[in-house]
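> Structure of the sequence below:
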Amino acid sequence: MSPAAAESRLRGLARGIRWYLREAAGETAYDRYVEHVRRDHPGAMVMSRRDFERWRQDDRNDNPRARCC
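A predicted model of the protein is given here:
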């Protein structure tokens, strides 16, 4: 394998790991929320990331789902 091909493969692997970790940690939830609001509710105000995270945490506390603790 050439050095350029190895580097390309390594970059692809790093992108995949970054994607997985962001999904698992829930970091992409805000990005999806913004995309949804802009697409389905044009003209509506988009919550700031801080307000979104606060709303999300309140929702988790008020509506528990299956979890271990």
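
> which residues are in contact with the top helix by length along the chain?
Counting by DSSP state H, the longest helix found in the chain is helix 3-25. Residues outside helix 3-25 that contact it (CB atoms under 8 Å, 6 or more residues apart in numbering): 1, 28. For every residue, glycine as well, the C-beta is placed using N, CA and C.

> next one: stretch 42-62
Contacts for stretch 42-62 (CB under 8 Å, 6+ apart): 26, 29-30, 33-34, 37-38.

> next SSE after the longest helix of the chain?
Next in sequence after helix 3-25, counting helices and strands by DSSP states H and E, comes helix 28-40.

> what about the residue positioned nearest the centre of the chain, distance to residue 5?
With distances taken as CA atoms, centre = their mean, residue 28 lies nearest the centre of the chain, 0.8 Å away. Between residue 28 and residue 5 the computed distance is 29 Å (CB to CB, to the nearest Å).

> How about residue 55?
Counting by CB to CB, the gap from residue 55 to residue 5 is 45 Å.

> Quick one: neighbours of residue 29, just the number.
Residue 29: 14 surrounding residues under other CB atoms under 10 Å.

> Contacts only, for it.
Contact analysis of residue 29 by CB under 8 Å, 6+ apart lists 52, 56.

> ok, 10 Å please
By CB atoms under 10 Å, 6 or more residues apart in numbering, the residues touching residue 29 are 22-23, 52-53, 56.

> and residue 44, backbone torsions?
Taking degrees, to the nearest 10, you get phi -80, psi 150 for the backbone angles of residue 44.
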